[in-house]
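Peer 1: Provided below for reference: sequence and predicted model.
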Amino acid sequence: MAPPSVETAESSVDLFKSIGLSQSKAAEAAKNPRSAAVLRDLIESYSLATPGLSEKQAVLVSALAVQLSKTQNVGPAERAYIVKAIREEKLKSVDQVNGW
């Protein structure tokens with residue numbers, strides 16, 4: 001797979017920052033094309049940019065994207081459940097997100 005273009009990476013960083021990630025975390029998230037695509041999908045599918053998340057919640061969503069990029073057997077209902085749990089602060093750590 002070809003690396004993302006600079007323009008795509010920059011737009012991804014801007015999108016990732018819109019959910020509450022810091023510049024450095026957003027840039028880190030944009031480096032891996034597979035998890036970046038999953039994170040972009042989560043943001044768009046669950047309208048995470050509006051009203052936005054706390055930085056901690058954004059980090060958890062980013063961690064979820066990494067985990068989802070490594071597996072194929074998580075359906076839309078499960079994704080929605082996990083995102084909702086993050087939004088409602090029922091999941092508060094990366095370990096909890098990774099343990100779903």
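Peer 2: Received, thanks.

Peer 1: And the helices in the protein, which stretches?
Peer 2: Per DSSP state H, the chain carries helices over the ranges 6-18, 23-31, 33-45, 55-69, 76-87, 94-98.

Peer 1: what's the worst-scoring helix or strand of the chain on mean pLDDT in contact with?
Peer 2: None of the helices or strands of the chain scores lower by mean pLDDT, DSSP states H and E than helix 6-18, at a mean of 83. By C-beta atoms under 8 Å, 6 or more residues apart in numbering, the residues outside helix 6-18 that reach it are 4, 23, 25-27, 29-30, 36, 39-40, 43, 49, 52, 58, 62. Heads up, the C-betas are built off the backbone N, CA and C, glycines and all.

Peer 1: now, the most widely separated pair of those?
Peer 2: Pairwise distances across these (C-beta to C-beta) peak at 23.8 Å, for the pair Pro4 and Gly52.

Peer 1: Show me which of the two is the more surrounded one.
Peer 2: Per other C-beta atoms under 10 Å, whichever of Pro4 and Gly52 has more neighbours is Pro4, with 17 against 13.

Peer 1: Buried members of the contacts of helix 6-18 into PyMOL, please.
Peer 2: In PyMOL, this line selects whichever of those come out buried by 16 or more other C-beta atoms under 10 Å:
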select buried, resi 4+25+26+27+29+30+36+39+40+43+58+62
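
Peer 1: any low-confidence regions in the chain?
Peer 2: By pLDDT under 70, the weakly predicted segments of the chain are 1-7.

Peer 1: redo that, cut-off 90
Peer 2: Along the chain, segments meeting pLDDT under 90 span 1-11, 50-52, 72-73, 99-100.

Peer 1: In the least confident helix or strand of the chain, which residues are buried?
Peer 2: For helix 6-18, burial by neighbour count (16+ other C-beta under 10 Å) applies to Ala9, Ser12, Val13, Leu15, Phe16, Lys17, Ser18.

Peer 1: That helix vs helix 23-31, what angle?
Peer 2: On the basis of axes from the mean of the first three to the mean of the last three C-alpha atoms, to 10 degrees, helix 6-18 is oriented at 130 degrees to helix 23-31.
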